[in-house]
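S.K.: Structure, please.
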Amino acid sequence: MSLRPASALGEENGDPGCGREQNIFIARYGLPETPLIEYEGPFDMSLSGDGEKAAKELGQHLKDTATVKHIFCSPFRRSLQTAIIASKVMEVSKVQVENGLTEWQTESLIGKEDPYKPPGIIDLVEEFGGVVNTKYESIAEPKPFESEEEMIARTGRVAKILAESVYPADILIISHAPCLLGISLTLEGTFFNRGGTQLKPWPLGGLTRFRRVSRDKESAWRMEVSGSTAHMSGIYQDGKQAWTLPCLQ
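M.R.: You can find the predicted model right below:
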């Protein structure tokens, strides 16, 4: 893996120093239109009406409370659709599809005999339009199948590189519950340490925020909010369909 210059994402030349705060917002999409049955599918589906509403609420919440400049998401439709809806509310012009944020490459979530592979960037642009950044190149290209440990290492590493590549800009990552938990365990520094984590099962639409006060090596990422649904309305504010990793059960 290699770092891309911030200019590749349209970031203006800013303060090259290390003493500036940065936030990573990590969100799960809302309710899909069709439930996923493990090992059977469907593995890639669009959002339901409630899921679209959740995406708008996410965008409005971050527009009101944060200064997100870059949005990265999994290539799966429900994740990309969430990113696009939120980006329009937040007035962020482009969405970066990062294959390194794709669903956990495990049999139960992508199938066993013929593992599901999401559409490529050209197909996604044809389906979702010009908001998808065609100039962006993914950091990682995961292949079936990967262990839980491999998935956590993959997603955590990708998230760190994304944040570093656009420092000090705040970013939003939208992906699947396993990947978001993997990112969070890595940033939290509690990789496979059940007793040390503050993470709870991740509900639909849940939002987590990590913050570092500077770029210095001594400045660790700190989890400020975990899986919050306070920005959502109706029954989803109570947290629905929360999911967690086997290592956290």
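
S.K.: Quick one: the strands in this protein, in order.
M.R.: Secondary structure of the chain (DSSP state E): strands at 22-28, 68-73, 96-97, 170-175, 207-212, 222-228.

S.K.: In its sheet, which strands sit next to the second one, and in what direction?
M.R.: So the one you mean is strand 68-73. Sheet neighbours of strand 68-73, with direction, are listed as strand 96-97 (parallel), strand 170-175 (parallel) (DSSP bridges).

S.K.: From residue 19, how far off is the closest residue to residue 69 other than its chain neighbours?
M.R.: Counting by C-beta to C-beta, 6 or more residues apart in numbering, residue 169 is the residue found nearest to residue 69 once chain neighbours are left out, at 4.1 Å. All C-beta spots, glycine's among them, are computed from the backbone N, C-alpha and C. Counting by C-beta to C-beta, to the nearest Å, the separation of residue 169 from residue 19 is 15 Å.

S.K.: what do you get for residue 174?
M.R.: On the measure of C-beta to C-beta, residue 174 and residue 19 end up 29 Å apart.

S.K.: neighbour count winner among the two?
M.R.: The neighbour comparison of residue 174 against residue 19 (other C-beta atoms under 10 Å) goes to residue 174, with 31 against 11.

S.K.: tell me the contacts of the more buried one?
M.R.: Counting by C-beta atoms under 8 Å, 6 or more residues apart in numbering, residue 174 touches 27, 28, 29, 71, 72, 73, 74, 79, 82, 83, 86, 101.

S.K.: What segments of this protein are helices?
M.R.: Assigned by DSSP state H, the chain shows helices spanning 49-65, 77-90, 107-110, 121-128, 148-165, 177-188.

S.K.: other SSEs contacting the second one?
M.R.: Spelled out, that is helix 77-90. Using 3 or more C-beta pairs under 8 Å, 6 or more residues apart in numbering; DSSP states H and E as the contact test, the elements touching helix 77-90 are helix 49-65, strand 68-73, helix 121-128, strand 170-175.

S.K.: Can you list the buried residues in that helix?
M.R.: 77-87, 89-90 (16 or more other C-beta atoms under 10 Å).

S.K.: buried set for stretch 190-204?
M.R.: 190, 191, 197, 199, 201, 202, 203, 204.

S.K.: ok, which pair from those residues is furthest apart?
M.R.: 191 and 204 (24.9 Å; C-beta to C-beta).

S.K.: Can you verify my assumption that residue 169 contacts residue 20?
M.R.: No - counting by C-beta atoms under 8 Å, residue 169 does not reach residue 20; the two are 9.6 Å apart.

S.K.: So which of the two has more stuff around it?
M.R.: residue 169 (19 against 14).
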